[in-house]
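> Turn this into a structure:
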Amino acid sequence: MLGKETSSFTTAVGGGAFGRGLSIATGGQASSGPVNAGGVVIRHEVFDYYCFPTPSKLTLVQIVNLVGSLYGVATSDLRVTLDQFVSQVIKNVPGLTTKEAEAYFLLCKMLDEEESSFLLNAGQAPIGQLFTGKAGGQRGSPVTCDARALALMMFIQLLTTFSRHSGPIDPKQQSSYNEGIRSLQNSGLFSPINSPRAKATRPSLTSGESSHILAFVRYNLKTMLKLVSRNLDAPDESCFVSVQDFNVLRLILRPDSTRRSTKRLSVAEASGLFTDRTRTSLGAAAEWLSTNVSVAEPDNLLSISGLTRSVCLKDREAASGRDVRISNCEDSHIFIDAAVTAVSVSNCVNCTVYVAATSRVTAVDKCDGVSMTTTTSFLRICNSIDSSVFSYSLFAPIMLGDSKGIVLGPHNANHYELFERLKEARIPLSPAAMVNFASPLILNNASVNHSLVQPKDFLLVALPSNYKALPHKYCLTTDIMLAYLADPRQELEAALRDAPADGAAIRLPLLAPDEFRECILSRYKKFAELQSQLKTLRLQDDQASSAHMVIQGLFREWIASSGHAKPLLDLVRLIEHD
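Numbering: from 1, shown residues only. Here you go, the predicted structure:
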């Protein structure tokens, strides 16, 4: 039983009955033996992508108060709107900002409903209904989420302050769990010591992280069940959990697919606790979960690790729908032409990464000198230095940890099949998403250093030759591109065949604001004018040679002063390697 394994710190909320008996376990001796590979598996990716360091902003007391207030304003089917959630967060968790509250709400909704087009309806103006058929429902309709899912989402944020201690914390000396545990001895998941500046870093999905997550879930099962079943002020022996409440745990748990060959089951069906009843006791539910929970990597994992001076290409067949983990790569170029579920780039140095579309979260973690280009629903950058991220994201980029020298810019690729990848990832088009890069959300660290790329310095990423570009006449402006895509009589293949030869060399970004397109187009015009002037001069061979030497000298000076030498050096390294 959980009560025999753990020592709990119990907090009474507000001195009243509300929240009596709710606790978060902080101690106990965890077994070091093999974990029972039972009926449910912890969704490791949820803790990898959806947990943020909040040691000074969230406490158990605040979360309990927040959850109680959410249930107070929820509808009969336990739905709350984004505005209601933000209002209650500001009231009960004063350390969180409005933008941070929005991030938690929208991430929870995406995790719970496996869909992201609603992000356009949560504060951004949708443009047409090009891909999903509808952009998050009718314009102006409120975005809602299950209050129980929000309760669970907020509680798992305490993972970064969870630590396994040999003894209990004295509740008389500590006013809340978070205030009592700040050492983060066994966590360190978001610590600056994991910055690329550290002498040694560790790869993702280590056994230490997995055991830490497993301990957090097992030690706090009763508290999580109380939160989702709305038994905030009842003693354990009188608490019951309904099948609907139990299934909310799907946010962090899934049935163990390795043990079942039948149809896909819900968490409640996998437990067998509700075969002849609609509810069960809190103790029985917690005991079954504690005995039968394990931790494992995602079923759809695609790992790319340890590349050095290499080029890696993955197509739809290899990567579509996968959770892609890129780690410990150096001086390499990685191109993924697929709609993937999530992407993690960690512990990489001097790499270029292109991912066509990510339906959920893209994470850049503990990287140095990485250039990342992607379209995604959410983007998070943690503990990285001197890296560039060019994105089309439905929500503002989230920056945290010891991140320094980060350059943010709009999506910088021209790949005509990108539109098909967006459709497969169910990511709608919106001009607002094109400029989200300019308003990052700095989480918990006001000293995070970043800058925005200026239009005059904006360059397109160099893609492999088999990535065909859309002719520039179809993407001169955002309006022209959207009008072209919305016309069913025009086919992309026909446009590529009929494109004039002189237009093939001009490449404009597909998902960047118009001012960035204009700068690139003006750059091409200046090149053409200079070439025309040189032709009209009818220079002799020696004069032409001198002119080329002057131009090349100026070009070298520009390369040195602008910081654009890295792509050329990378190309030279690849040529030498070949």
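> surely Thr144 meets Arg79?
Yes. Thr144 lies in contact with Arg79 (Cβ atoms under 8 Å); the separation is 4.3 Å. For the C-beta atoms, the positions are set from N, CA and C on the backbone; glycine is no exception.
> Pick out whichever of these two has more residues nearby.
A direct count of neighbours by other Cβ atoms under 10 Å for Thr144 and Arg79 places Thr144 higher, at 20 against 13.
> who touches the closest residue to Pro509 other than its chain neighbours in this structure?
Leaving aside its sequence neighbours, Pro509 sits nearest to Asn412 (Cβ to Cβ, 6 or more residues apart in numbering; 5.4 Å). Contact partners of Asn412, counting by Cβ atoms under 8 Å, 6 or more residues apart in numbering, are Thr373, Phe390, Phe458, Leu459, Leu460, Val461, Pro509, Ala512.
> Next: Arg250.
By Cβ under 8 Å, 6+ apart, Arg250 lies in contact with Ser266, Val267.
> got it, and Asp315?
Asp337, Ala338.
> Near Thr308, how many other residues are there?
11.
> I'd say it and Asn328 touch.
No. The pair Thr308 / Asn328 is not scored as a contact, 9.3 Å apart, by Cβ under 8 Å.
> Among the contacts of Asn412, which are located in strands?
Thr373, Phe390 (DSSP state E).
> Scan the contacts of Asn412 and report the most crowded one.
For the contacts of Asn412, neighbours tallied by other Cβ under 10 Å; top is Ala512, 27 neighbours.
> phi, psi of that residue?
Main-chain dihedrals, Ala512, degrees, to the nearest 10: phi -110, psi 150.
> can you pull up the bridge partners for the spatially closest residue to it that is not a sequence neighbour?
Leaving aside its sequence neighbours, Ala512 sits nearest to Pro410 (Cβ to Cβ, 6+ apart; 3.9 Å). Following DSSP bridges, Pro410 is listed with bridge partners Ser391.
> quick revisit: helix, strand or coil: sort out the residue nearest to Pro509 for me.
Per DSSP: H, G, I helix; E, B strand; the rest coil, the local secondary structure of Asn412 is coil.
> Let me know how buried the nearest residue to Ser242 once chain neighbours are set aside is, in neighbour terms.
Among residues not flanking Ser242 along the chain, Arg279 sits closest, at 4.5 Å (Cβ to Cβ, 6+ apart). Using other Cβ under 10 Å, Arg279 has 16 other residues around it.
> and Asp402, what element?
Under DSSP states H and E, no helix or strand contains Asp402.
> oh, and call the first residue 30 from now on, that's how I've got it
With 30 as the first residue, the last one maps to Asp431.
> Touching, it and Cys396? I think so.
No. Judged on Cβ under 8 Å, Asp431 makes no contact with Cys396 at a distance of 11.8 Å.
> Which of the two has more residues huddled nearby?
Set Asp431 next to Cys396 and count neighbours by other Cβ under 10 Å: Cys396 wins out with 32 against 22.
> Might you report the residue contacts of that one?
Applying Cβ under 8 Å, 6+ apart, we find Cys396 in contact with Pro225, Val374, Ser375, Asn376, Cys377, Val378, Cys380, Ser413, Ile414, Ser416.
> okay, the fifth one: pLDDT?
Note for Cys377: predicted pLDDT of 96.
> correct me, but it touches Asp360?
No. Using Cβ under 8 Å as the test, Cys377 is too far from Asp360 to be in contact (9.7 Å).
> host element of the one residue sitting closest to the centre of the chain?
The centre of the chain sits closest to Val390, judged by Cα atoms, centre = their mean, with a distance of 2.6 Å. Counting by DSSP H and E, the element that carries Val390 is strand 381-394.
> Kindly export that strand (C-alpha atoms) in PDB.
Output in PDB follows, covering the C-alpha atoms of strand 381-394 (Å, rounded to 0.1, in the frame of the first residue of the first chain):
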ATOM      1  CA  THR A 381      21.400  22.100 -38.700                       C
ATOM      2  CA  VAL A 382      18.000  20.400 -38.200                       C
ATOM      3  CA  TYR A 383      15.000  20.800 -40.400                       C
ATOM      4  CA  VAL A 384      11.600  19.200 -39.500                       C
ATOM      5  CA  ALA A 385       8.800  19.800 -42.000                       C
ATOM      6  CA  ALA A 386       5.900  19.700 -39.400                       C
ATOM      7  CA  THR A 387       5.400  18.800 -35.700                       C
ATOM      8  CA  SER A 388       1.800  18.400 -34.600                       C
ATOM      9  CA  ARG A 389       2.600  18.900 -30.900                       C
ATOM     10  CA  VAL A 390       5.800  20.100 -29.200                       C
ATOM     11  CA  THR A 391       9.300  20.900 -30.500                       C
ATOM     12  CA  ALA A 392      11.900  21.000 -27.800                       C
ATOM     13  CA  VAL A 393      15.500  22.300 -28.100                       C
ATOM     14  CA  ASP A 394      17.400  21.400 -25.000                       C
END
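> How about the helix or strand where Ile119 lies, which residues are buried there?
Under the criterion of DSSP H and E, Ile119 resides in helix 111-121. Burial within helix 111-121, assessed by neighbour count using 16 or more other Cβ atoms under 10 Å, is assigned to Leu111, Gln113, Phe114, Val115, Ser116, Gln117, Val118, Asn121.
> what ranges do the strands span in the stretch 480-607 of the chain?
With DSSP state E, counting those that start in this stretch as the criterion, the stretch 480-607 of the chain has no strands.
> in it, which spans are helices?
Secondary structure of the stretch 480-607 of the chain (DSSP state H, counting those that start in this stretch): helices at 507-515, 521-527, 543-566, 570-591, 594-606.
> Same check on the stretch 180-329 of the chain?
Going by DSSP H, counting those that start in this stretch, the stretch 180-329 of the chain shows helices at 206-209, 236-248, 250-258, 272-276, 296-300, 311-321.
> could those go into a markdown table alongside mean pLDDT, mean neighbour count and distance to Thr189?
Output for those, formatted as a markdown table (pLDDT from 0 to 100; neighbours: other Cβ atoms under 10 Å; distance: least, Cβ to Cβ, whole Å):
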| stretch | mean pLDDT | mean neighbour count | distance to Thr189 |
| --- | --- | --- | --- |
| helix 206-209 | 31 | 21 | 10 |
| helix 236-248 | 82 | 19 | 10 |
| helix 250-258 | 92 | 24 | 16 |
| helix 272-276 | 92 | 20 | 26 |
| helix 296-300 | 84 | 22 | 25 |
| helix 311-321 | 91 | 19 | 22 |
